[in-house]
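Undergrad: pasting the sequence and the predicted model now:
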Amino acid sequence: MIRRLAGRHDERQPQAQATRRQQLRPWQIRERCFNVRRRGLDPVEIRAFLHQVADELTVAQTALRAVQEENVRIKNALRSWQSTQSANHRYR
């Protein structure tokens, strides 16, 4: 969505919030608004690009979640295996 510049000040985050960046979500990219200025960029081209970036971010975040879940599963399996090995070693 494109917003018209109507004598507004820059709507930037306060300095304290700017240092703590939160993870960007795909819907935030898709819904991002830009100010229109004289001879500005093509809004259709911007929207298409933002949707492409949001789609790629969705894929990356989904893959990251899958890797994190697999990591937890592997760690749990390793702990279980180590416990079994430790118990077997004690009874020898």
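TA: Alright, I've got the coordinates. What you see is a predicted model; the values in this text were computed from it and never measured.
Undergrad: where's residue 45 relative to residue 60, distance?
TA: In this view, residue 45 and residue 60 are 23 Å apart by Cβ to Cβ, to the nearest Å. Where C-beta positions appear, they are placed from N, C-alpha and C, glycine not excepted.
Undergrad: equivalent analysis for residue 40, please.
TA: Distance check for residue 40 against residue 60: by Cβ to Cβ, it reads 29 Å.
Undergrad: gap between stretch 72-90 and the chain center?
TA: Put simply, stretch 72-90 sits 33 Å off its chain's centre (Cα atoms, centre = their mean, to the nearest Å).
Undergrad: what mean pLDDT does it have?
TA: Stretch 72-90 carries an average pLDDT of 90.
Undergrad: what lies in contact with it?
TA: Around stretch 72-90, nothing counts as a contact under Cβ atoms under 8 Å, 6 or more residues apart in numbering.
Undergrad: export it as CSV, just CAs?
TA: Written as CSV, here are the backbone C-alpha positions of stretch 72-90 (Å, rounded to 0.1, in the frame of the first residue of the first chain):
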residue,chain,number,x,y,z
VAL,A,72,15.8,-30.7,19.5
ARG,A,73,15.0,-34.2,18.4
ILE,A,74,18.7,-35.1,17.8
LYS,A,75,19.7,-33.6,21.2
ASN,A,76,17.0,-35.6,22.9
ALA,A,77,18.1,-38.8,21.1
LEU,A,78,21.7,-38.2,22.1
ARG,A,79,20.8,-37.7,25.7
SER,A,80,18.8,-40.9,25.7
TRP,A,81,21.7,-42.8,24.0
GLN,A,82,24.2,-41.3,26.5
SER,A,83,22.0,-42.4,29.4
THR,A,84,21.7,-45.9,28.0
GLN,A,85,25.5,-46.1,27.5
SER,A,86,26.2,-44.8,30.9
ALA,A,87,23.9,-47.3,32.5
ASN,A,88,25.4,-50.2,30.5
HIS,A,89,28.9,-49.1,31.4
ARG,A,90,28.1,-49.1,35.2
